[in-house]
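1. sequence below, structure please.
(chains A and B)
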Amino acid sequence: MGKTAYKRLKGEQQFRQRLVLATLSGTPILIEDIRPDETSPGLRPHEVSLLRLVETISDDCSVEINDTGTKLRYKPGVVMGGKHLDHDCGLSRSIGYFLEPLIVLSLFGKKSLSIRLKGITNDPKDPSVDTFRTTTLHMLKHFGVSLEGLELKIESRGVPPLGGGEVVLGVPIVQNSLSATEWVDEGMVKRIRGVAFSTKVSPQFGNRMVYAARGIFNRFIPDVHIFIDHKSGTSGGRSPGYGISLVAETTSGCLISADAAVCFTKEDMEHFEDSEEKPELSPPEDFGVQVASMLLGEIEQGGVVDSTHQGLLFLLCALCPQDVSKVRVGKLTPYAIETLRNIRDFLGVKFVINPEPTTNTVMLKCVGCGLKNLSRKTS
Amino acid sequence: TVSRQSKNLMQLVYGQPEMITTIQEAQTGSGSEDSEDDEFFKPKGEGDRKSSKGTTSNSLGAEDCSKYTSQINLKDWSSEDLVQSIRDRFVTGDWSK
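-> Numbers count the residues shown, from 1 in each chain, chains lettered A, B, ... in the order given. Below is the predicted model:
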């Protein structure tokens, strides 16, 4: 075997995207200087867990990490997919962190994927599993992925710090390739849906959140329905918390989401164990208003997706056949900009970016890299 | 001006390769000045804090998280002006425009 030419990268930034793009483009990568100057250097537990997850779903890939974890050598293999897989996502990041790369990778697998993921389902940092179910998965249909077999079942919830949630994800494979899209019409908001969950707290929390959020929306639109999902017992995980995931549906079928969750941090829990006082979470009314305001902020921005999904949208556009894709988004987020740079570095796809001052939105156009699903069995 | 604006945005995203290299050189120059002998034993954490403040590229991708969290200064949507400003983004808004 000849020597493999590794693409040399530095730093811990954009770890997930680098991994996804390296795998899809078949580029071996060597990442150096992963947090070399921090008190605890090297890869974080969730990053290692993600690498294990990639190993689980692919064949013939190799991951080498040095002793301190500051250097990683990754040689991608073939994405296999498979049924009845299992993965523990750990407790340092939520399942949302893993879902984003996992969905894109498994679209280009040999077989469709069905995997059970354990860990944190809702947290303040990553998009929640509810948002994935209501918004992210539906984005794929704009790129020619059939919704059949595409599902996310939430079996139990778990919030930080102890988690205990479980979801089952099913992703079909694309038969040949994605299809390019022209997705520029954002339409007008016609209804608002959502899920408010609460676990290991009073069941009233759900109602109080929804009541407050609805108060904000009442001035805009009457068609608001937010489901209340209260979990108790083992299906509620091991920590108390509550949260809400909202989706605005437009006349042109775009979904604009916003979500957040409230829970204790690890430090809080340790602190409370010492003191006699019972810990309390912030009032659900304020929180309901806050998330409702976040959603209105997203609607104000415009664009066919919300700020959270910009990165994924660009990635899907870049993976299309050699055809022009055209999308409209609101203000570019730092994460989306980093995504655009990574796409250029790995796939050689450069977007044409045109701001539209009249609507304060940004138009992006690109010609896809023409990625075909080569892992698929050819008959 | 529209074409210039679009060029600027593309430059912001993709940058100009020459510009990036000069910035990095300048930073390494100032860094070596800082690390004089009295700071020979420097705690690892502090060095990191300094550099992350200096470089924008570091702070941008510091947290690998797709959710845009800098929406902390949320607007108060109970104010009438704000409500009117996005009125037409809803089906209940004015369709004649």
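
2. near chain B, anything from the helix or strand where residue A:326 lies?
-> In the assignment (DSSP states H and E), residue A:326 maps to strand A:324-329. No - remark: strand A:324-329 sits outside contact range of chain B, by Cβ under 8 Å from any Cβ of the partner chain, the gap being at least 11.7 Å. All C-beta spots, glycine's among them, are computed from the backbone N, C-alpha and C.

3. and that strand, what other elements does it pack with?
-> If you count contacts as 3 or more Cβ pairs under 8 Å, 6 or more residues apart in numbering or on different chains; DSSP states H and E, strand A:324-329 packs onto strand A:182-183, helix A:310-318, strand A:361-367.

4. for the record, mean pLDDT for the next helix or strand after that strand?
-> Counting by DSSP H and E, the next helix or strand C-terminal to strand A:324-329 is helix A:334-347. Mean pLDDT, computed over helix A:334-347, is 94.

5. helix A:334-347 vs strand A:361-367, what angle?
-> 10 degrees (axes from the mean of the first three to the mean of the last three Cα atoms, to 10 degrees).

6. what's helix A:334-347 in contact with?
-> Identification of contacts with helix A:334-347 by Cβ atoms under 8 Å, 6 or more residues apart in numbering or on different chains yields A:7, A:13-14, A:17-18, A:21-22, A:25, A:27, A:307, A:310-311, A:314-315, A:318-319, A:329, A:349-351, A:369, A:371, B:12-14, B:60-61, B:65-66, B:68.

7. quick check: closest non-adjacent residue to residue A:223.
-> The spatially closest residue to residue A:223, leaving aside those adjacent along the chain, is residue A:191, at 4.1 Å (Cβ to Cβ, 6 or more residues apart in numbering or on different chains).

8. ah, wrong one, I meant residue A:372
-> Leaving out its chain neighbours, the residue that sits closest to residue A:372 by Cβ to Cβ, 6+ apart is residue A:177, at 5.0 Å.

9. related to what we said a few turns ago, could I get the helices and strands packed on strand A:324-329 as a markdown table with distance to residue A:122?
-> Shown next, in a markdown table, are the helices and strands packed on strand A:324-329 (distance: least, Cβ to Cβ, whole Å):
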| stretch | distance to residue A:122 |
| --- | --- |
| strand A:182-183 | 28 |
| helix A:310-318 | 19 |
| strand A:361-367 | 30 |
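
10. comparing the ones you listed, which comes out most buried?
-> helix A:310-318 (a mean of 25; mean count of other Cβ atoms under 10 Å in any protein chain shown).

11. list the helices and strands it packs on?
-> So helix A:310-318, by 3+ Cβ pairs under 8 Å, 6+ apart, packs with helix A:15-25, helix A:95-107, helix A:137-139, strand A:324-329, helix A:334-347, strand A:361-367.

12. distance from the chain centre to it, please.
-> Averaging C-alpha positions (Cα atoms, centre = their mean, to the nearest Å) puts helix A:310-318 12 Å from its chain's average.

13. also stretch A:60-67?
-> 25 Å.

14. buried set for stretch A:275-285?
-> Residues of stretch A:275-285 classed as buried: A:281, A:284 (neighbour count, 16 or more other Cβ atoms under 10 Å in any protein chain shown).

15. name the surrounding residues that touch it.
-> A:198, A:201, A:205-206, A:208-209, A:211-212, A:240-242, A:262-264, A:268-269, A:272.

16. only alpha carbons, please: show it as PDB.
-> Output of stretch A:275-285 as PDB, limited to C-alpha atoms (Å, rounded to 0.1, in the frame of the first residue of the first chain):
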ATOM      1  CA  SER A 275     -27.300  23.000  50.900                       C
ATOM      2  CA  GLU A 276     -30.700  22.200  52.400                       C
ATOM      3  CA  GLU A 277     -32.600  24.500  50.000                       C
ATOM      4  CA  LYS A 278     -34.500  22.900  47.200                       C
ATOM      5  CA  PRO A 279     -33.300  24.200  43.800                       C
ATOM      6  CA  GLU A 280     -35.700  26.000  41.500                       C
ATOM      7  CA  LEU A 281     -35.600  26.600  37.800                       C
ATOM      8  CA  SER A 282     -36.500  30.000  36.300                       C
ATOM      9  CA  PRO A 283     -40.200  30.600  35.900                       C
ATOM     10  CA  PRO A 284     -41.700  29.000  32.700                       C
ATOM     11  CA  GLU A 285     -43.700  32.200  31.800                       C
END
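
17. for residue 83, phi and psi?
-> Unless you meant another one, I'm taking chain A. Note on residue A:83: backbone dihedrals following degrees, to the nearest 10 are phi -100, psi 160.

18. was after chain B, sorry
-> Phi and psi for residue B:83, reported as degrees, to the nearest 10, are phi -60, psi -40.
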